[in-house]
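> sequence isn't available, so here's the structure alone:
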């Protein structure tokens, strides 16, 4: 059975037809309308487009936000004006096919579990280092969704009591210290400090800001300032993984998002911080760390597969 | 079917015969031998004693420590000289009955879920405020055990980066700020500070220390120093629950252990701290807080029921 | 000898003629021009106005910012476009009188030492809880100005490692946790949390924000949410004073700024936090805490007196 | 004039005759008696011994602890059973010479200011990284002693709120993160973590512990684990110096104690952390960092010179 996976981002809606092996056989994208009804229409159009020439069995839709336990309603979304939006019903009535809604980080984690870096494991934690830090928890081969459907918000675990303010209304959330944006903040601080920050400061003077990809290039070129910035966010994430191990006990951490392209340069300091932050280290089994495999398509693939599993 | 539940503590082994409704129909206890073989013998004797006059279907054994995913082996225990101890095999060969091993905090959480304060819920988190802070997570009606069997160590989630040292080898673990022992530490600090600490200081001068139950009595007598000490640990635990909500999304927190006898005096400041520490508060479903119902017998009942469920 | 004291704020310039007993015998104020030259002219005009009918011996000018050790140059100011501004020379050439420049928090602290709540003490620390937290240190009867003239920035002592961002470029500065603005932030967080925050939430719904004076009124009316908010900032400031005692060892802390109008409601929790945060408490002399006496005029009086002392 | 300087440590009393250029022309040491009267006698004997063949004008005595403002009384000492001990009077009546008592860290800081690494500066802060972290502040060429004589306890400035417990009764004091002992603790944690900690772990297995000098040797041999441990304490101290700059505004930080023998290996990460922790960095004058010059004799020289200055 083919299914459609659709990933609704703040600016773009990306969709694809996914086969049972998690392969995208056709893909498209459009701008995200601001109005919820126009957005539902845009998603429906995309499905109709795919369904015009292929048999589609179900549709999965991934979006940032709190999705209820029944995968039917968007309780709240950060980027789109949804509030207890009955998105599944709205879409099913337009499309005439079963629809599954899932949080985008969960969808990406599921894709890695089924077809990516997490294949062969039953218990994984995925962390996506993007603008924020997304999280997904797979327990014994099932998506951990919690009592209300909104579990796995790992980026909002508190890292520093009374720490940096977060868009979620809290202070000190992990994503303020371990995201791609945190990497930029650290790079700026290091640029301000002179010394090893010289290359970062020059970059900023030239571009007016320090773009994430430029930090990565400096890391690969062994610039000490950029490596220090990366070391700080890697350490923060690795320390947090020590705590996630205590609570969730995964076999594997899969690290995704733009920063994860740095591969071992990211994982080496992460693992070191994890080891020195794990309660009972040396007396208990530990987890492995790998980089995500599916990159940008994980949301589409994961939610399409969840849709397939729900029919 | 009747089953036996046995709770091995650092100083005492308590055991009971438990019926399918979670009622203990007979109970006994003995001192805990230091030697692992003598300990296995003591447990076996206790089972033989119960089995002499009743038909027992299975045996559950709860102990502090890391238990492997198969509930067969004690990977490590803090109080007993076990290291990768094949406890299930050892006991089954002596007793001739199926044996299930479980972490004691998990067993207590399971008992609350099945027969206590968590009955009727599917997704609960239990936190036990004793010497340390024990944790158990029930997900969709199943015990969350993780990839290696050692999930749910909620008391070792980090509360303060670079904080107080913990017996687990880490710094800043929640149990250093939210356990019964933390309550005593705060009471001592308040006694040192004069002012509202006067009653605590007098108590300490008289007894040489500030015992936990005496703090509870002062709380009930509205002593401002004791209430401040309780407020600090309640706030710490409530704040931590905000983070557990983000990660685990339970419907219910069940709070057990000696300090929990204070009931609403504990829960009121906990709930206040939870609300102001929950990412996305106001935009998402929240959990309820209740005091545990089964108190000292939860470990016996829980592990007996898990044993019943495994045969 | 009469001297003129002038306090340059971000929006207003206030000036007065001060007699040797620290009494303001005439006072005026004008808007603060944005342009540095117009600003110098406005200050000069104010002095000429006073000098037209009285004999003035010297002029003191207080402003927020880093003033150099010679009290001649404004190294940097947060609100005015000065950068290494030779303000003393500029003003002396226009006015034809000796001019002394001083940091505004230092001037206020000096006024309290000479004529206010700190009279009779030799070693005091003043903390002003306004938008930020200002600091001044008087050592053995002299203003502590440091090696470059910019000592006493007590509001920028770090309170939380990796904490809230501060306008100074750092994270976790004390003023983010113990200023009037911090009081408003805490009040907002408590309003968000429901429960004891109800009155604060109603106030915010009605006014669109929670003004500082309204929090004070609620504190005086014994509202539990407002008292909790005050307790948090008072505790933060009191804890910080424990550290200032270790480093600076004053005989007296003078607390000024709008929040200080709350008097004992502020000082009681501050003292409690100080006692439990003072290294070696019980084995060393401690400081007293009092509310500032001179309120809004402290800057004018202090800098006028410093000007008198420099001729 | 020659003076005698005596440095009373927990195990040894070291004394010397010091000339006006800060040169020790004769030196001796004896064990520290436990009994306060025997200790006073031992100090007196040492002075009599020196005075037998030289003309001595005054005596200075340095000891760990709180010394009162008049440099006459030991308010409290951590290692010796003094409590409000009138040490000056006791010694003067035995010796018949003017005696000055000073805190040992203050004495060492004074020696560096007068004859060591701080010569030519007026405003310095000295930090000694030994078992703890000692501090001394020289302001405008004078020892900063505070309102009660006990200022400059820089090692007890709080570094982490709710952090590691300290012998002073507080939590989170700087000396728990930036002393020689903290270096050993970090080295142990890194040894536990495997990976870069291998050499440290081998050292510990061989010696039963990780001695401070051995860490230094590994740092010099470029061992990554030892360098990481040093980096952590250097970063902590450098960050704290950012705060000391805000409060005390020295021209120079002098770093002493055993760890300081590592020189630039210590100072380089310290300076980096200082720059990124200094409020208003880039808009204000900054301090320099140097290694102390007088090493073990600083206490003797400093207190001898203070004694000379007081007659």
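Cool, the structure landed. Just so you know, these numbers come straight off a predicted model, no measurement behind them. Numbering: from 1, shown residues only, chains lettered A, B, ... in the order given.

> check which residues of the host helix or strand of residue A:303 are buried.
Of the helices and strands defined by DSSP states H and E, residue A:303 is found in helix A:298-309. Neighbour-count burial for helix A:298-309 flags A:298, A:299, A:300, A:301, A:302, A:303, A:304, A:305, A:306, A:307, A:308 (criterion: 16 or more other Cβ atoms under 10 Å in any protein chain shown). Using the backbone N, CA and C atoms, a C-beta is placed for each residue, glycine as well.

> got those as CSV, with distance to residue B:183 and pLDDT columns?
Converted to CSV, the buried residues of helix A:298-309 look like this (distance: Cβ to Cβ, whole Å; pLDDT from 0 to 100):
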residue, distance to residue B:183, pLDDT
A:298, 45, 96
A:299, 46, 96
A:300, 51, 98
A:301, 49, 98
A:302, 45, 98
A:303, 46, 98
A:304, 51, 98
A:305, 48, 98
A:306, 45, 97
A:307, 50, 97
A:308, 51, 96
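
> for the residues you listed, which one is nearest residue A:248?
residue A:302 (18.8 Å; Cβ to Cβ).

> so who does the closest one touch?
A:5, A:60, A:62, A:102, A:106, A:107, A:108, A:109, A:110, A:111, A:112, A:114 (Cβ atoms under 8 Å, 6 or more residues apart in numbering or on different chains).

> now do the same for the last one: its pLDDT.
What the model reports as pLDDT for residue A:114 is 98.

> check the third one too.
We have a pLDDT of 97 for residue A:62.

> quick one: secondary structure of it?
Secondary structure assignment for residue A:62 (DSSP: H, G, I helix; E, B strand; the rest coil): strand.

> which ones are touching it?
Each residue near residue A:62 by Cβ under 8 Å, 6+ apart is listed here: A:5-8, A:101-104, A:106-108, A:299-300, A:302-303.

> from the residues you listed, which ones fall inside strands?
Per DSSP state E, strands hold the following members of those: A:5, A:6, A:7, A:8, A:101, A:102, A:103.

> quick check: which of those residues are also close to chain C?
For chain C, no contacts are drawn from those by Cβ under 8 Å from any Cβ of the partner chain.

> wait, which of these is closest to chain C?
residue A:103 (23.5 Å; Cβ to the nearest Cβ).

> ok, and the closest non-adjacent residue to the closest one?
Nearest in space to residue A:103, with sequence neighbours left out and distances taken as Cβ to Cβ, 6 or more residues apart in numbering or on different chains, is residue A:67 at 5.1 Å.

> and the residue nearest to residue A:64 when sequence neighbours are not counted, how far is that from chain B?
In space, not counting the residues next to it along the chain, residue A:64 is nearest to residue A:104; the distance is 5.2 Å by Cβ to Cβ, 6+ apart. Summarising the geometry, the distance separating residue A:104 from chain B, computed by Cβ to the nearest Cβ, to the nearest Å, is 16 Å.

> check residue A:17 too.
When Cβ to the nearest Cβ is applied, the distance between residue A:17 and chain B equals 31 Å.

> helix, strand or coil for that residue?
Going by three-state DSSP, the state assigned to residue A:17 is strand.

> so it bridges to which residues?
Under the criterion DSSP bridges, residue A:17 forms beta bridges with residue A:4, residue A:26.

> correct me, but it touches residue A:54?
Yes: between residue A:17 and residue A:54 there is a contact at 6.0 Å, judged by Cβ atoms under 8 Å.
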